[in-house]
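K.L.:
With the sequence up front, the predicted model follows.
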Amino acid sequence: MEYIDNLPTMDLMRSEKMALVQLIIPVESAHRAVSYLGELGLLQFRDLNADKSPFQRTFVNQVKRCAEMSRKLRFFKDQIQKAGLMSSSRSSLQPNLELEELEIQLAEHEHELIEMNHNSEKLQQTYNELLEFKMVLQKASGFLVSNKGHAVVEERELEDHVYSNDHYADTSSLLEQCILQEMRSGPSNQSGLRFISGIIGKPKALRFERMLFRATRGNMLFNQAPADEQILDPVLTEMLEKTVFVVFFSGEQARTKILKICEAFGANCYPVPEDMTKQRQLTREVLSRLSELEATLDAGIRHRNKALTSIGFELAQWMNLVRREKAVYDTLNMLNFDVTKKCLVGEGWCPLSAKTQIQEMLQRATFDSNSQVGIIFHSMDAVESPPTYFKTNRFTHAFQEIVDAYGVAQYQEANPAVYTVITFPFLFAVMFGDWGHGLCLLLGALVLIARESKLGSQKLGSFMEMLFGGRFVLLLMSLFSIYCGLIYNEFFSVPYHIFGGSAYKCRDATCSDAHLVGLVKYQDPYPFGVDPSWRGSRSELPFLNSLKMKMSILLGVAQMNLGIILSYFNARYFGNSLDTRYQFVPQMIFLNSLFGYLSLLIIIKWCTGSQADLYHVMIYMFLSPFDDLGENQLFWGQKGLQIILLLSAVVAVPWMLFPKPFILRKLHSERFQGRTYRILGTSEMDLDMEPDLERDHHEEFNFSEVFVHQMIHSIEFVLGAVSNTASYLRLWALSLAHSELATVFYEKVLLLAWGYDNIIIRLVGLAVFAFATAFILLMMETLSAFLHALRLHWVEFQNKFYHGDGYKFRPFSFTSLPDDED
């Protein structure tokens with residue numbers, strides 16, 4: 001045991017040793033000190049103002065200023081994106097840019113941009129009005145000319161109708177009478193026939209016409225035509241389709257109604273003179289003003305884009321500065337003033353190995369801020385559990401994230417990620433074993449690793465980001481899949497004689513059909529992996545089922561034993577001898593008395609070639625332990641060993657259940673009794689405080705709760721030993737399913753299509769085979785095997801030793817700040 005204790009510590013095996021430290025910082029150097037600590041990123045501050053709201057904190061005004069500047073920067077970014085410009089990622093550095101200077105610059109830029117946008121909207125609105133006026137003039141003049149010609153024909157029809165029908169004056173509409181009166185009397189301004197011309201959005205045109213018809217009771221004539229050009233909405237920045245209309249009516253009351261309806265529907269009305277000469281003159285004036293406005297708008301857009309481009313060069317640097325400053329002030333809000341109000345007091349966690357670096361940074365901050373008083377930095381005694389911090393690199397980070405997704409390790413608890421680096425991809429490969437599919441995964445992993453620098457600097461989608469983050473997991477999964485595929489001798493389900501010839505051959509010439517006549521062994525076994533002659537034989541499925549099922553049990557029992565052994569190292573590290581004696585020892589005895597013995601029988605049967613039925617051995621080990629084994633006996637003394645193992649398993653259950661709660665109660669009562677005697681020698685103040693402490697310590701231990709917890713833990717382990725071992729059979733099931741699926745796609749799709757002489761059928765079969773391989777075997781099966789391997793680690797392996805109820809070390813670091821701050 002001393003040898004084990006003297007072994008050097010393993011990286012990642014246990015989290016970094018942490019220290020609770022206190023900082024007493026003079027006010028004049030507080031901002032610089034926190035900024036330097038943010039660059040270092042090795043100190044996690046504790047919030048000493050958790051009972052205060054954000055508006056009651058010291059630096060709330062500075063945080064508000066930073067939030068306001070962030071809003072302005074987001075406004076600039078939106079304007080740059082709307083203008084179709086690109087903000088430069090490489091900003092021109094402005095040395096020693098202060099927050100106050102930046103705040104003034106941002107206010108000036110915002111005011112300038114808002115003014116330019118306002119002027120641009122006004123100009124665009126004027127331009128739209130002139131453009132609409134031009135289209136109304138063009139379309140309305142056509143309506144007026146056509147309606148005059150139409151009116152002559154209408155006059156004759158109406159006169160004939162009046163002379164042939166004496167009741168016409170009673171039944172005709174007011175509009176027809178006005179038209180007839182106009183034909184007879186002359187111009188419209190004398191007869192009272194008027195018109196209103198304008199333009200309206202195309203989606204509203206139908207409802208607009210219907211409303212006009214109902215409001216005037218049909219006494220109007222509505223003409224419309226689609227506008228030739230689309231109009232830009234300055235607010236929505238979208239191109240809108242419009243419809244030009246002319247409404248003929250009679251009477252001042254109808255005019256008032258029509259104008260109100262136009263206003264309600266957002267229709268713009270424009271006056272169109274009846275005289276063609278005036279129309280042409282007005283059109284020329286409108287076109288002239290349009291050309292002038294176009295030049296003005298283009299100049300405004302160029303000026304605005306120039307301003308946005310200059311902002312874009314500095315935007316990344318400004319956003320980074322504001323983000324950092326806001327993070328600094330948020331951190332300063334976690335600190336408290338001392339009694340003199342001249343120093344800020346902060347507390348936090350840092351790794352022991354980083355204390356020297358932190359002290360150097362604080363000394364540098366004191367020097368750079370020209371402070372006369374240095375920063376005090378010292379360790380404190382911690383009551384609460386420290387955070388968990390593992391130093392990971394780009395290779396081990398993804399495996400640590402897999403473990404942390406289940407739960408963050410307790411402080412200094414054994415870290416499963418050390419073993420997950422190998423066991424996770426290996427168990428995945430046991431279910432996915434095919435070296436052809438493994439080569440495809442390897443190719444994808446190598447592409448991700450080769451483009452690591454390029455992809456790491458881009459913003460990826462959620463799926464691609466997850467895939468890129470797990471590129472080294474994918475690499476090991478593919479390598480182990482190739483290894484297991486070589487053992488299974490499967491390349492897209494096809495076996496190959498890679499390591500020499502088969503150990504089996506046919507008995508005679510009629511052995512071509514292996515389902516009718518078996519094979520005989522004529523030389524040494526196949527050097528590596530499964531003999532290719534098993535493929536297609538009548539005993540292929542029973543052989544592979546037996547092999548993979550037994551292999552799954554061996555792997556499961558080995559990994560569960562590893563978990564229990566890690567629980568011993570946890571107990572030894574934390575000095576908990578009770579867990580070693582009354583948890584680790586009985587658990588090892590129980591698991592290995594049953595399933596360790598089963599694993600031993602499997603290995604002996606493989607080595608000796610015995611025909612013993614292991615199902616029968618294990619079942620009758622419980623039902624009839626004293627009966628003779630007969631032909632199922634694998635070695636001498638097996639019967640006596642089984643009785644001993646069965647008794648050991650029975651004894652291990654109460655060993656786990658009873659001693660630990662009673663010993664804990666005894667230790668607590670002794671400790672509590674000692675505290676009551678110490679009260680006699682205390683002062684009056686201590687007499688007032690001690691009973692509270694006494695009561696608190698007494699209430700901390702609840703025997704019934706401890707006993708129930710231990711009982712649940714014991715029952716869970718006993719039942720879990722069975723269920724977890726059975727759960728590892730998923731290795732066999734998924735491996736078999738993957739192999740059979742690959743066989744079906746190869747034989748029933750590719751070979752079936754290749755049996756035809758038609759090239760089209762062959763190409764279709766090849767395409768279907770490639771699609772099924774890519775999307776079913778390489779995507780769905782990969783995801784399935786990944787999730788099952790994840791479950792085996794989280795449930796079957798980690799529940800033997802891993803508590804996972806710690807919390808992560810989250811230092812104040814500028815590199816971990818979010819890119820886009822809402």
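P.N.:
Done, it's in.
K.L.:
pLDDT below threshold where in the protein?
P.N.:
1-11, 87-96, 145-192, 234-236, 507-519, 672-700, 819-822 (pLDDT under 70).
K.L.:
one more time with 80
P.N.:
The model of the chain has pLDDT under 80 over residues 1-11, 86-97, 140-193, 232-238, 274-275, 457, 504-523, 536-539, 671-701, 818-822.
K.L.:
if I look at the residue nearest the centre of the chain, how far off is Gly469?
P.N.:
Nearest to the geometric centre of the chain sits Ser462, at 5.2 Å (CA atoms, centre = their mean). Going from Ser462 to Gly469 by CB to CB, to the nearest Å gives 11 Å. For every residue, glycine as well, the C-beta is placed using N, CA and C.
K.L.:
Tyr728 now?
P.N.:
Tyr728 is 28 Å from Gly469, by CB to CB.
K.L.:
out of those two, which sits in the busier spot?
P.N.:
More crowded of Tyr728 and Gly469, by other CB atoms under 10 Å: Tyr728, with 25 against 16.
K.L.:
rewinding a little: name all residues that make contact with the residue nearest to the centre of the chain.
P.N.:
Residues near Ser462 by CB atoms under 8 Å, 6 or more residues apart in numbering: none.
K.L.:
Over to Gly438?
P.N.:
Contacts of Gly438 by CB under 8 Å, 6+ apart are Ala429, Phe432, Ser478, Leu479, Phe480, Ser481, Ile482, Tyr483, Cys484, Gly485.
K.L.:
Out of the residues you listed, which sit inside strands?
P.N.:
Applying DSSP state E to those, no entry is found in strands.
K.L.:
With respect to Lys548, which of these is nearest?
P.N.:
Nearest to Lys548 out of the contacts of Gly438 is Cys484 (CB to CB; 10.5 Å).
K.L.:
re earlier: put together CSV for the contacts of Gly438, with distance to Phe313 and neighbour count on each row.
P.N.:
Formatted as CSV, these follow (distance: CB to CB, whole Å; neighbours: other CB atoms under 10 Å):
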residue, distance to Phe313, neighbour count
Ala429, 51, 28
Phe432, 50, 30
Ser478, 44, 26
Leu479, 46, 17
Phe480, 49, 22
Ser481, 49, 29
Ile482, 50, 21
Tyr483, 53, 18
Cys484, 54, 23
Gly485, 54, 23
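K.L.:
Export these as JSON lines, with columns for distance to Gln105.
P.N.:
JSON lines is the format used below for the contacts of Gly438 (distance: CB to CB, whole Å):
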{"residue": "Ala429", "distance to Gln105": "58"}
{"residue": "Phe432", "distance to Gln105": "57"}
{"residue": "Ser478", "distance to Gln105": "52"}
{"residue": "Leu479", "distance to Gln105": "54"}
{"residue": "Phe480", "distance to Gln105": "57"}
{"residue": "Ser481", "distance to Gln105": "57"}
{"residue": "Ile482", "distance to Gln105": "58"}
{"residue": "Tyr483", "distance to Gln105": "61"}
{"residue": "Cys484", "distance to Gln105": "62"}
{"residue": "Gly485", "distance to Gln105": "62"}
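K.L.:
Out of the residues you listed, which is nearest to Leu443?
P.N.:
Closest to Leu443, out of all of those and judged by CB to CB, is Ser478, at 8.2 Å.
K.L.:
distance of that closest one from Met431?
P.N.:
On the measure of CB to CB, Ser478 and Met431 end up 14 Å apart.
K.L.:
ok, now Ala571?
P.N.:
Between Ala571 and Met431 the computed distance is 33 Å (CB to CB).
K.L.:
between the two, who's got more neighbours?
P.N.:
Each of Ala571 and Met431 has its neighbours counted (other CB under 10 Å); Met431 has more, 27 against 18.
K.L.:
which residues touch the more buried one?
P.N.:
Arg730, Leu731, Leu734, Ser735, His738, Ser784, Ala785, His788, Ala789.
K.L.:
Now do the strands in the stretch 501-650 of the chain.
P.N.:
Under the criterion DSSP state E, counting those that start in this stretch, the stretch 501-650 of the chain contains strands at 504-506, 519-521.
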